[in-house]
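Participant: Here is my input; please provide its structure:
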Amino acid sequence: MNHLPGEELKASIALIPNKPGVYEFYDANQKILYVGKAKKLKKRVQSYFQKEQTSARLKLLVKKITSIEFTTVESDQEAFLLENNLIKEHQPKYNIQLKDDKSYPYIVIRNEPIPRLYFTRRKVQDGSEYFGPYTGVKHVRAIVNLAKELHPLRTCKLDLSPDKISQGKYKVCLEYHIGNCLAPCTGEQSASEYNEGIDTIRKILEGKTSNIIDALIERRNQATQELNFEQAHYYQKKIEKIQEFRMPSLVENLGIEQADVYQILHKEHGSAIHHIKIREYSIIFSTINQVIPKLHEDDEELLLQAIRKFTMAQPLEAIPPIIAPIDLDFPFAPVNVPERGEKTGYFL
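Facilitator: Okay, here's the model as predicted:
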């Protein structure tokens, strides 16, 4: 039997227009139970009370609703952004959850004049740049080691502000003497030179390796012409290291330059979202996150929640095309559904 709304809820529903927007369900303590978006708000909200609910959790949700609030917007894009912000802020009990990724490692470039680079499992909102999450520490260590081989980086925790460096507060350490650091702490290496290396590493972490490799090839060839074979060998080793970072995949043959690929995996004990980042024809990132459905959401809702999690922290104009097994109503990037014969190229 359906839980029918009381007179106050009926009055609230009657005021909801059939326009795009976001709705919020509240319990008796005015705590948000659920946030959703819809192209037609009234129709979507009424559906919770009109149709026979087969999910026990959904029946429980509807029974707890004591008030409804809504916000109309001008477009699907605005609705998506507002829904995303409300879910992020309030973490409603009945919204879909992806398994918390705090246990996964990230690579961080610290927000410092002479930035450190290392891996961490904890994200701090301090202006630093985080790359990931990655699915394993082994891969993260390999990337960090690659970065240090390409450009010697500091590992100390000293405050390398310009004033302290110019005042000669520090002396070179063992890392400098064994060649692991070029001593930006004493001015032996300038901040601009150090940060050029950081910029190169940043581009590699973003998957933008083609221009870097081209520049290194040019420098290697120039050194060879000048008979500076030691320098040519130095550049060649860098080229090989960057090429090793690019994960081999089928996408190069399929002609996919840039995309985010999402697949939903249904297993006996639950579901998961497989997310792959493709940049410059190479897979640079792959992760699988368990998804915890709350209200018997369909595949489209589960996939959209994953896309929200992985894309909405970046500028909207930077969101790449999306490849998914089904058509999705995502307003910020084109969604491509591969033809039947292509699917094995992207999906597990």
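Participant: Show me the helices in the stretch 101-250 of the chain, by range?
Facilitator: 137-150, 162-166, 174-177, 191-205, 210-225, 229-245 (DSSP state H, counting those that start in this stretch).
Participant: how about the shortest one: buried residues?
Facilitator: Same thing as helix 174-177. 175-176 (16 or more other C-beta atoms under 10 Å). Just so you know, the C-beta spots here come from the backbone N, C-alpha and C atoms, and that holds for glycine as well.
Participant: How far off centre is stretch 186-199?
Facilitator: 28 Å (C-alpha atoms, centre = their mean, to the nearest Å).
Participant: Buried residues of that stretch, list them for me.
Facilitator: Result for stretch 186-199 [16+ other C-beta under 10 Å]: buried residues 186, 189, 194, 197-198.
Participant: ok, back up a step: turn the helices of the stretch 101-250 of the chain into CSV, including mean pLDDT and distance to residue 76.
Facilitator: Below are the helices of the stretch 101-250 of the chain laid out as CSV (pLDDT from 0 to 100; distance: least, C-beta to C-beta, whole Å):
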stretch, mean pLDDT, distance to residue 76
helix 137-150, 79, 36
helix 162-166, 93, 47
helix 174-177, 93, 53
helix 191-205, 90, 32
helix 210-225, 88, 34
helix 229-245, 82, 37
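Participant: could I get those helices as JSON lines with distance to residue 90?
Facilitator: Listed next are those as JSON lines, based on distance: least, C-beta to C-beta, whole Å:
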{"stretch": "helix 137-150", "distance to residue 90": "32"}
{"stretch": "helix 162-166", "distance to residue 90": "42"}
{"stretch": "helix 174-177", "distance to residue 90": "46"}
{"stretch": "helix 191-205", "distance to residue 90": "32"}
{"stretch": "helix 210-225", "distance to residue 90": "42"}
{"stretch": "helix 229-245", "distance to residue 90": "39"}
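Participant: Out of those, which is closest to residue 328?
Facilitator: With C-beta to C-beta, the closest approach to residue 328 among the helices of the stretch 101-250 of the chain belongs to helix 191-205: 27.2 Å.
Participant: The closest one vs helix 229-245, what angle?
Facilitator: Here helix 191-205 runs at an angle of 40 degrees relative to helix 229-245 (axes from the mean of the first three to the mean of the last three C-alpha atoms, to 10 degrees).
Participant: tilt between helix 191-205 and helix 210-225?
Facilitator: Using the same axes, to 10 degrees: helix 191-205 against helix 210-225 is 120 degrees.
Participant: if we can go back for a sec, residue 337 is nearest to which of the helices of the stretch 101-250 of the chain?
Facilitator: Closest among the helices of the stretch 101-250 of the chain, using C-beta to C-beta: helix 210-225, at 27.9 Å.
Participant: list the helices and strands the closest one packs on?
Facilitator: helix 191-205, helix 229-245 (3 or more C-beta pairs under 8 Å, 6 or more residues apart in numbering; DSSP states H and E).
Participant: need the helix or strand of the chain with the lowest average pLDDT.
Facilitator: helix 251-254 (a mean of 51; mean pLDDT, DSSP states H and E).
Participant: Give the buried residues for the helix or strand just after it.
Facilitator: Sequence-wise, the next helix or strand downstream of helix 251-254 (DSSP states H and E) is strand 258-267. Buried residues in strand 258-267, counting neighbours by 16+ other C-beta under 10 Å, are found at 259-264.
Participant: what do you get for stretch 16-36?
Facilitator: Those would be 16, 20-27, 32-36, for stretch 16-36 by 16+ other C-beta under 10 Å.
Participant: nearest to residue 87, of those residues?
Facilitator: For the buried residues of stretch 16-36, the nearest to residue 87 is residue 35 (5.3 Å; C-beta to C-beta).
Participant: I'd like the distance between that closest one and residue 93.
Facilitator: From residue 35 over to residue 93 the distance is 11 Å, taken as C-beta to C-beta, to the nearest Å.
Participant: just residue 18 next, same as before
Facilitator: Distance from residue 18 to residue 93, by C-beta to C-beta: 27 Å.
Participant: Which residue ranges of the stretch 51-200 of the chain form strands?
Facilitator: For the stretch 51-200 of the chain, strands defined by DSSP state E, counting those that start in this stretch occupy the ranges 67-72, 97-98, 106-109, 117-120, 129-131.
Participant: Perfect, I'm done here.
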